[in-house]
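Q: turn this into a structure:
(chains A, B, C and D)
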There are 2 protein chains.
Amino acid sequence: MTLKNIARELGVSISTVSKALKNSNEIGAETIERVQAFAKLYNYRPNNLAISLKNKRTNNIGVIIPDIVHYFFTTVFRGIEQYSKKHGYNVIACVTDESLEREVVNMEMLANGSVDGFIMALSAETQKKNHFDHLKRINELEIPLVLFDRVTDEIECDKVLINDREAAYNAVMKFIENGRRKIALITTEDYFSVSQGREAGYRQALESFGLPVDEALILKLPFMDLDEILINTFFDSQDIDAVLCVNEIFAIHSMNLVQKKGVNVPEEMEFIGFTDGILSKYAKPGLTSMAQHGFQMGEIAAKMLIDRIQSGLSEKEEPCRTEIIESTLIERESTINAIPVL
Amino acid sequence: MTLKNIARELGVSISTVSKALKNSNEIGAETIERVQAFAKLYNYRPNNLAISLKNKRTNNIGVIIPDIVHYFFTTVFRGIEQYSKKHGYNVIACVTDESLEREVVNMEMLANGSVDGFIMALSAETQKKNHFDHLKRINELEIPLVLFDRVTDEIECDKVLINDREAAYNAVMKFIENGRRKIALITTEDYFSVSQGREAGYRQALESFGLPVDEALILKLPFMDLDEILINTFFDSQDIDAVLCVNEIFAIHSMNLVQKKGVNVPEEMEFIGFTDGILSKYAKPGLTSMAQHGFQMGEIAAKMLIDRIQSGLSEKEEPCRTEIIESTLIERESTINAIPVL
DNA sequence: AAACAGTACGAAAACGTTTTCGTGTTGATA
DNA sequence: TATCAACACGAAAACGTTTTCGTACTGTTT
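A: Okay, here's the model as predicted:
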């Protein structure tokens, strides 16, 4: 069923059909009725591709994420999808698996008319190699782009982040208030924007309390593989009474390992993680965690993107914004809390 | 940069440019070179929409899932995405949030030229209300459809499932072999295809061992909200030494609750869940679980769909297939195992 | 010299829309 | 009665491709 078919069957022109279906006042009442009745009867639906081609808008947005199995990205995705759908946009999802090449390929694939804009978090490899030519190209094509969580200063575009520095600062402050002084940090290698911020917050909190920053208390784990031996020797060789971890897995895993050694959590050692995911909730003891509010982050990213798409203003015409989402500490049993939680 | 632009700049026709870029042997060698050099220089990329409109193929597939935050669906999605990308297809992801209406809306949105086929798991509401008109419409439009995990017999299409009955049977058998006799089942309300299968397997295993099926040992929880009181009174009022749960959350949650009552797992009570997700791995004790191999399921679903798309044969011409994926028991500390696991 | 095959290219239709502009008809006004 | 606005509709271009078919030219064959 196409406009052409309807037009032929009803003995009118294509333009008349098109207008009649839109209740145009150029068309007479009874013609409108005939056309609409016929269209309904034969279940006519306009072809999206043709409309997109004509209007130069696809109503699709491309979401490029490093990993879909991680709770945080999943939650952000959920926010993006929900907001987008509510505003008439579909989401094309691409997973890069932390690979630069797949990031490039995916974006190239979508940049030629398939989407009106991108929302993405940089892959690990992209951040490591500091390679952003593909994003610059998106910029040149004037395709709107919103970066979230894993961002870079090299690209001028809208961004949405959490206050990594402040969040880590607050987490460490909680340890300090609880009387802890030998506070460790378990983080990734340096190239992640989020880890950098969190490490900075960790250092800042210690310093602002006159505590020395002992580099031996900072463990940098290779991303993606949890080396138990590394973690075990770290805990064996250092005197530690509190641990801040830059993500949930690091926290759960190291908490499990020290418990296996007989350490009592939280009495002898407290733990705080980042990303308040499903693991934190069901861990034993429950993991106190900095909630990143991924859903809200996704909604905001989608709103920023769609607003820019609909304004039609490029990054040059309308200055870019960076939204900061406040993270909040969810207290569970891995820390000692003023008001006990269940 | 369009074909038309290149043609104008080079003083040739659009068709010549189009053919030259494809190395057509209709075009002279030096023209080909000129055109390709020019195209490379100006970074020409063909417009996907135009190609799709012309060829009546979008190279997009629509994936409709009830929930993206759940580990199992996420894993399946990952398999779909990876296989699809490898074969030149993009994935448009829609989340129904277990709502029939959103399922309908999403499919309507994509069915008009946006995708070449669908892969989906039915929403809870859809299964509850047994309402499949939207799927019948997809059938009529001859848009290929693959159902996975949550399926229905009412729709004739390709399907991919796990052997729910057999898996539950095997899980119960393990309990029986371990000497358990008071085996409970925690499941959802009846309308889920997977729960039906798993309950059948549970019953079958008991019967085949001459054990009575005590209906009081079957707890049917409302989907989506974990009513702790319900679970607690269930365990308080029944004498139970093993529990099979139809999903991971039910298992973790009830295991935590009975542990809080002082029950030793696995000595006094064993647990087996379904979906070997991240929670099972990090739970304490680690949850023995029926792995559903979601990634593989996704790959197979994508393969079935893409094969059908590329064959061009409708469900009537080429008979539908149902692939069964064998689930495997991952043994952890919530059961007593022949060979102890770490 | 006529016929012919091969080469290299262009014109145009097609995919299914949207939208601008033109035009014929009607009825009211000067 | 000539003029004009309002009304109802159609023709055609446009979006960016692909593909079929036609054709001008070159060089070879009889």
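
Q: drop to CA atoms for contacts and neighbour counts, all remaining ones
A: Will do.

Q: which parts of the stretch 51-200 of chain A are helices?
A: Assigned by DSSP state H, counting those that start in this stretch, the helices in the stretch 51-200 of chain A fall at A:71-86, A:100-111, A:124-129, A:133-140, A:164-177, A:193-208.

Q: would you list these in a markdown table and tack on distance to B:Glu318, mean pLDDT and mean neighbour count?
A: Shown next, in a markdown table, are the helices of the stretch 51-200 of chain A (distance: least, C-alpha to C-alpha, whole Å; pLDDT from 0 to 100; neighbours: other C-alpha atoms under 10 Å in any protein chain shown):
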| stretch | distance to B:Glu318 | mean pLDDT | mean neighbour count |
| --- | --- | --- | --- |
| helix A:71-86 | 34 | 97 | 23 |
| helix A:100-111 | 31 | 96 | 19 |
| helix A:124-129 | 44 | 96 | 17 |
| helix A:133-140 | 42 | 96 | 15 |
| helix A:164-177 | 55 | 97 | 22 |
| helix A:193-208 | 51 | 96 | 20 |
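
Q: with respect to chain B, which of the ones you listed lies nearest?
A: Proximity to chain B (C-alpha to the nearest C-alpha) singles out helix A:71-86 among the helices of the stretch 51-200 of chain A, at 5.6 Å.

Q: quick one on the thing from earlier: let me know which of the helices of the stretch 51-200 of chain A is the nearest to B:Gly201.
A: helix A:71-86 (31.6 Å; C-alpha to C-alpha).

Q: put the alpha carbons of that closest one into PDB.
A: Once non-C-alpha atoms are left out, helix A:71-86 reads as follows in PDB (Å, rounded to 0.1, in the frame of the first residue of the first chain):
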ATOM      1  CA  TYR A  71      24.700  -2.500  34.700                       C
ATOM      2  CA  PHE A  72      25.700   1.100  34.500                       C
ATOM      3  CA  PHE A  73      25.600   1.300  30.700                       C
ATOM      4  CA  THR A  74      22.500  -0.700  30.600                       C
ATOM      5  CA  THR A  75      20.800   1.700  32.900                       C
ATOM      6  CA  VAL A  76      21.900   4.700  30.900                       C
ATOM      7  CA  PHE A  77      20.700   3.000  27.800                       C
ATOM      8  CA  ARG A  78      17.400   2.500  29.400                       C
ATOM      9  CA  GLY A  79      17.100   6.200  30.100                       C
ATOM     10  CA  ILE A  80      18.100   7.100  26.600                       C
ATOM     11  CA  GLU A  81      15.700   4.700  25.000                       C
ATOM     12  CA  GLN A  82      12.800   5.700  27.100                       C
ATOM     13  CA  TYR A  83      13.200   9.400  26.600                       C
ATOM     14  CA  SER A  84      13.900   9.000  22.900                       C
ATOM     15  CA  LYS A  85      10.900   6.800  22.300                       C
ATOM     16  CA  LYS A  86       8.700   9.300  24.200                       C
END
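
Q: so which of the helices of the stretch 51-200 of chain A comes closest to A:Leu287?
A: helix A:164-177 (12.7 Å).

Q: helices or strands next to the closest one in the packing?
A: Secondary-structure packing of helix A:164-177 (3 or more C-alpha pairs under 8 Å, 6 or more residues apart in numbering or on different chains; DSSP states H and E): helix A:193-208, strand A:242-245.

Q: ok, residues contacting the helix or strand that the first one is followed by?
A: Yep, that's helix A:193-208 we're talking about. Note on helix A:193-208: by DSSP states H and E, the next helix or strand toward the C-terminus is strand A:218-221. With contacts defined as C-alpha atoms under 8 Å, 6 or more residues apart in numbering or on different chains, strand A:218-221 is touched by A:Ala184, A:Leu185, A:Ile186, A:Thr187, A:Thr188, A:Glu189, A:Asp190, A:Asp227, A:Phe234.

Q: closest one of those to B:Arg8?
A: Relative to B:Arg8, the closest of the contacts of strand A:218-221 is A:Asp190; by C-alpha to C-alpha it sits at 50.4 Å.

Q: residue contacts, the closest one?
A: Contacts for A:Asp190 (C-alpha under 8 Å, 6+ apart) come out as A:Gln196, A:Lys220.

Q: where's A:Glu166 relative to DNA strand C, distance?
A: Remark: distance between A:Glu166 and DNA strand C (C-alpha to the nearest atom of the strand, to the nearest Å) = 48 Å.
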